[in-house]
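Trainee: have a look at this prediction, sequence included:
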Amino acid sequence: MFIFPVNSCGLLSVPRSMKSSFNYSLGSTVSVTGCRVGTLQGQTTYKCTDSGNSQNWSPRITAVCSQGNENSMIIQ
């Protein structure tokens, strides 16, 4: 039996966002589909690529969920 390391880009870190997938492995594509709070801005689709000695999201993560009106949130 052979054990191979998992190649992953790690978390696609865009706070307060919703994503199309939680598959962060090498070769996967993940899209930021929206925001739980605020408005989505920036690039929304990223691919996990191998840059030789490490895995990185490409293009560089620029998506952000801009601050919405925090007072408009309904808390139950």
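Mentor: Nice, thanks for sending it over.

Trainee: quick one, what contacts residue 44?
Mentor: 31, 32, 33, 63 (Cβ atoms under 8 Å, 6 or more residues apart in numbering). (Glycine included, C-beta is placed from N, CA and C.)

Trainee: tell me who's in contact with the nearest residue to it once chain neighbours are set aside.
Mentor: Excluding the flanking residues, the one nearest residue 44 by Cβ to Cβ, 6 or more residues apart in numbering is residue 32, at 4.7 Å. By Cβ under 8 Å, 6+ apart, the contact list for residue 32 reads 12, 14, 17, 18, 19, 20, 40, 44, 45, 46, 63.

Trainee: show me the beta-bridge partners of residue 32.
Mentor: residue 19 (DSSP bridges).

Trainee: tell me how far it lies from residue 42.
Mentor: According to Cβ to Cβ, to the nearest Å, residue 32 stands 8 Å off from residue 42.

Trainee: what's the overlap in contacts for these two?
Mentor: Common neighbours of residue 32 and residue 42 (Cβ under 8 Å, 6+ apart) are residue 63.

Trainee: three-state assignment of the most centrally placed residue in the chain?
Mentor: By Cα atoms, centre = their mean, the chain has its centre lying nearest to residue 12, at 2.8 Å. Using DSSP: H, G, I helix; E, B strand; the rest coil, the structure places residue 12 in coil.

Trainee: do you know the pLDDT at it?
Mentor: With respect to pLDDT, residue 12 scores 96.

Trainee: could you do the one 4 residues further on as well?
Mentor: Each residue has a pLDDT score; the one for residue 16 is 96.

Trainee: for it, grab phi and psi.
Mentor: Main-chain torsions, residue 16, degrees, to the nearest 10: phi 70, psi 20.

Trainee: apart from its neighbours in sequence, what residue is nearest it?
Mentor: Per Cβ to Cβ, 6+ apart, closest to residue 16 is residue 65, 4.3 Å.
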